[in-house]
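Colleague: okay, here's the prediction I keep looking at, along with the sequence it came from:
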Amino acid sequence: MKNIDWGNLGFGYMKTDFNIRCEFNNSTWGELEVHESEYLNLHMAATSLHYGQESFEGLKAFRGKDGKIRIFRMKDNALRMQDSSEGTMMAKVPVEIFEEAVLKAVKLNERFVPPYESGASLYIRPLLIGSGPQVGVKPATEYLFVVFVTPVGPYFKGGFQTTPFVIMREYDRSAPLGMGKYKVGGNYAASLVAGQKAHELGYSAVFYLDAKEKKYIDECGAANFFGIKDNTYITPKSSSILPSITNKSLMVLAEELGLKVERRAIPVEELATFEEAGACGTAAVISPIERIDDYDEKKSYIFSNDGKPGPFCDKLYHKLRGIQYGDEPDTHGWVTVIE
Ligand code: PLP
Ligand code: COI
């Protein structure tokens, strides 16, 4: 086993042994290839470089107490990548190729899957790019699908701890009829300036409102939002947010915990009424929100006075982690166990 300080991993890139690639040429997907190099040999006129024809995914593999590795909701990520292909006119990666590539990337890099006790996991990053050349604004005819993995710790410092977020109306992440619902690189480029400013001001991430009216809640940086009040789990319905697979899972688990679940437009003032709030995503898991400061209106919405996560955030977090690590039964067929 490699000498890695598993317990102190951040959320960053670490070289692993192999990555998996598959090329789309002449209208067909080829065979999976195993590569050791971290570099791609790419045409300088590739559409991914000029016109943003690219999408990526993020999912995780976990090592259980039993030593087995479990991958969470892989098919959902495959289907979401297909949606991103529709949004960007890229070739769709068939679900079987996506799943086979993910499984192969995890198995071949097994020594990088963190041990159960560390609380860390293996982040899996599928990537699809337009690799063929175009100079006119047109979709490529060639594509490259890559899957690499890297061991990670918590996305926000401190792991399962409350953190502050900030509303800043001078930046938008995505337009109502734009690309926000797809996992494409341009959305993240569009969030960098605002994200940097939020960090400099001491916040974990920007809390985005809808771009058109700035009236409703969209999402929290690279994570979805949920609030809890009156025994109800409430999460935004919006055309400009990424449909989070974690959020979809939490809605099911919230119902099982006896909460009502509502997916609807949430006016920003409603923040004042939530008993608990959280940011959720593959990387963030559940990151309970300490407070949200409205930078423009000089107002704060406070969810935790003692810095501790609320009781429902706590229950949901442990339930989800339990399923992912194999401590709780997988009653929804979310987990693929690698024997
Ligand atoms: N929102 C954005 C913008 C994201 O990048 C992500 C991460 O993938 C999420 C939400 C959470 O989605 P998921 O739970 O599928 O990881
Ligand atoms: C996720 O996978 O949850 C993310 O959004 C991660 C981020 C690094 C893009």
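Modeller: Cool, got the structure. Residues are numbered from 1 along each chain as shown. Ligands and ions are numbered 1, 2, ... in the order given.

Colleague: CA only for contacts and neighbour counts going forward, please
Modeller: Will do.

Colleague: could you see whether ligand 2 lies near stretch 126-137?
Modeller: No: for stretch 126-137 and ligand 2, the contact criterion (CA under 6 Å from any ligand atom) is not met; the two come no nearer than 10.6 Å.

Colleague: now the closest residue to ligand 2 within the stretch 101-250 of the chain: closest residue in space, sequence neighbours ignored.
Modeller: Taking CA to the nearest ligand atom as the measure, the point where the stretch 101-250 of the chain comes nearest ligand 2 is Ala222, at 4.4 Å. Across the structure, with CA to CA, 6 or more residues apart in numbering as the measure, the residue nearest Ala222 apart from its sequence neighbours is Gly281 (7.4 Å).

Colleague: how many neighbours does that neighbour have?
Modeller: 23 (other CA atoms under 10 Å).

Colleague: contacts only, for it.
Modeller: With CA atoms under 8 Å, 6 or more residues apart in numbering as the criterion, the residues that contact Gly281 are 222-224, 244-247.

Colleague: could you check the pLDDT of the residue in the stretch 1-150 of the chain that ligand 1 sits nearest to?
Modeller: Nearest residue of the stretch 1-150 of the chain to ligand 1: Gly58, at 5.7 Å (CA to the nearest ligand atom). In the prediction, the pLDDT value recorded for Gly58 is 98.

Colleague: for the closest residue to it other than its chain neighbours, helix, strand, or coil?
Modeller: Closest residue to Gly58 in three dimensions, ignoring its sequence neighbours and counting by CA to CA, 6+ apart: Arg125, at 5.0 Å. Secondary structure for Arg125, judged by DSSP: H, G, I helix; E, B strand; the rest coil, is strand.

Colleague: how about Arg125, what does it touch?
Modeller: With CA under 8 Å, 6+ apart, Arg125 has these contacts: 56-59, 147-149.

Colleague: which residues of this protein lie near ligand 1?
Modeller: Near ligand 1, the residues belonging to the chain are 58, 222-224, 242, 244-247, 281-282 when assessed by CA under 6 Å from any ligand atom.

Colleague: ok, the closest residue to ligand 2 within the stretch 1-150 of the chain - how many residues close by?
Modeller: Across the stretch 1-150 of the chain, the shortest distance to ligand 2 (CA to the nearest ligand atom) belongs to Gly58, at 4.1 Å. A count of nearby residues for Gly58, using other CA under 10 Å, gives 16.

Colleague: so how far is Asn231 from it?
Modeller: Using CA to CA, to the nearest Å, one obtains 30 Å as the distance from Gly58 to Asn231.

Colleague: ok, now Tyr203?
Modeller: Taking CA to CA as the measure, Tyr203 falls 28 Å from Asn231.

Colleague: who has more neighbours out of the two?
Modeller: In terms of neighbours (other CA under 10 Å), Tyr203 is the more surrounded of Tyr203 and Asn231; the figures are 19 against 15.

Colleague: tell me the SS of that one?
Modeller: The assignment at Tyr203 comes out as coil when based on three-state DSSP.

Colleague: so it makes contact with Thr163?
Modeller: Yes: contact criterion CA atoms under 8 Å: Tyr203 and Thr163 qualify, at 7.4 Å.

Colleague: quick revisit: now the residues of the chain next to ligand 1: which count as buried?
Modeller: 58, 222-224, 242, 244-247, 281-282 (16 or more other CA atoms under 10 Å).

Colleague: wait, which of those residues is closest to Ser174?
Modeller: Within those, the smallest distance to Ser174 is 10.2 Å, found for Leu242 (CA to CA).

Colleague: which residue ranges form the helices in the stretch 101-250 of the chain?
Modeller: The residue ranges that make up the helices of the stretch 101-250 of the chain, judged by DSSP state H, counting those that start in this stretch, are 185-189, 192-200, 245-256.

Colleague: out of these, which comes closest to Phe112?
Modeller: The closest of the helices of the stretch 101-250 of the chain to Phe112 is helix 245-256. By CA to CA, the value is 23.1 Å.

Colleague: show me the contact partners of the closest one.
Modeller: Taking CA under 8 Å, 6+ apart as the criterion, the residues outside helix 245-256 that touch it are 73, 76-77, 224, 233, 260-261, 280-282, 285, 316, 319-320.

Colleague: no further questions, thank you.
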